[in-house]
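Engineer: Quick one, fold the following:
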Amino acid sequence: GRPQGECLQLLLRRSREAKNRAYCPYSRFPVGAALLTASGEIFSGCNVENACYSLGVCAERTAIQKAISEGHTSFRAMAITSDMRDHFIVPCGACRQVMREFGTDWDVYLTKADGTYIVKRLEELLPLSFGPEDLKK
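Structural biologist: Residues are numbered from 1 along each chain as shown. Model (predicted):
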């Protein structure tokens, strides 16, 4: 189920902490993400830009890659944080597809700089998606 209470607050805090470590000298758009695994562990990530723009990586994919590299492939939730004041941060299309690789039935907490958030299911962020099961058809 959805993270509650202290677990949710920790997930949100870890995404803010990750945002503060972002390497974004070109866009000056820091993003942090924190990923909650099915076993209750949290992996965080930040965006890392590169002078060769296409080699940069988003916070969401950084967190997922860290979790995968530690043997986790089942996720419950992700919190995403930026400095956007008037809008909720949302993952880019590439991140949505990478997230989709690991199912559609997990929560994504989209935040504003003031800490307010909304929750969306991944399937809401990427409807009519293509996933691993489609390769078996």
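Engineer: all strands in the chain, in order from the N-terminus.
Structural biologist: Applying DSSP state E to the chain gives strands spanning 31-37, 42-46, 75-82, 107-111, 117-121.
Engineer: which one of the ones you listed has the most crowded surroundings?
Structural biologist: Most buried of the strands of the chain, by mean neighbour count (mean count of other C-beta atoms under 10 Å): strand 31-37, with a mean of 27. In this view, the C-beta of every residue, glycine as well, is placed from N, C-alpha and C.
Engineer: That one pairs with which strands?
Structural biologist: Strand 31-37 has the following strand partners under DSSP bridges: strand 42-46 (antiparallel), strand 75-82 (antiparallel).
Engineer: Residue 101 contacts residue 131, doesn't it?
Structural biologist: Yes. Using C-beta atoms under 8 Å, residue 101 is in contact with residue 131, at 6.7 Å.
Engineer: Quick check: buried residues in the lengthiest helix in the chain?
Structural biologist: In the chain, with assignment by DSSP state H, the single longest helix is helix 5-19. Under the neighbour-count criterion of 16 or more other C-beta atoms under 10 Å, helix 5-19 has 8, 11-16, 18-19 buried.
Engineer: got a list of what the residue nearest to the spatial centre of the chain touches?
Structural biologist: By C-alpha atoms, centre = their mean, the chain has its centre lying nearest to residue 60, at 3.5 Å. By C-beta atoms under 8 Å, 6 or more residues apart in numbering, the contact list for residue 60 reads 31, 33, 35, 45, 78, 80, 91, 95, 98-99.
Engineer: what does stretch 89-97 contact?
Structural biologist: Contacts of stretch 89-97 (C-beta under 8 Å, 6+ apart): 31, 58, 60-61, 80-82, 99, 108, 110-112, 122, 125-126, 129-130.
Engineer: chain center to that stretch, what's the gap?
Structural biologist: 8 Å (C-alpha atoms, centre = their mean, to the nearest Å).
Engineer: what mean pLDDT would you report for that stretch?
Structural biologist: What stretch 89-97 shows for mean pLDDT is 97.
Engineer: And for stretch 111-127?
Structural biologist: 96.
Engineer: Do me a favour and get the end-to-end distance for that stretch?
Structural biologist: 21 Å (C-alpha to C-alpha, to the nearest Å).
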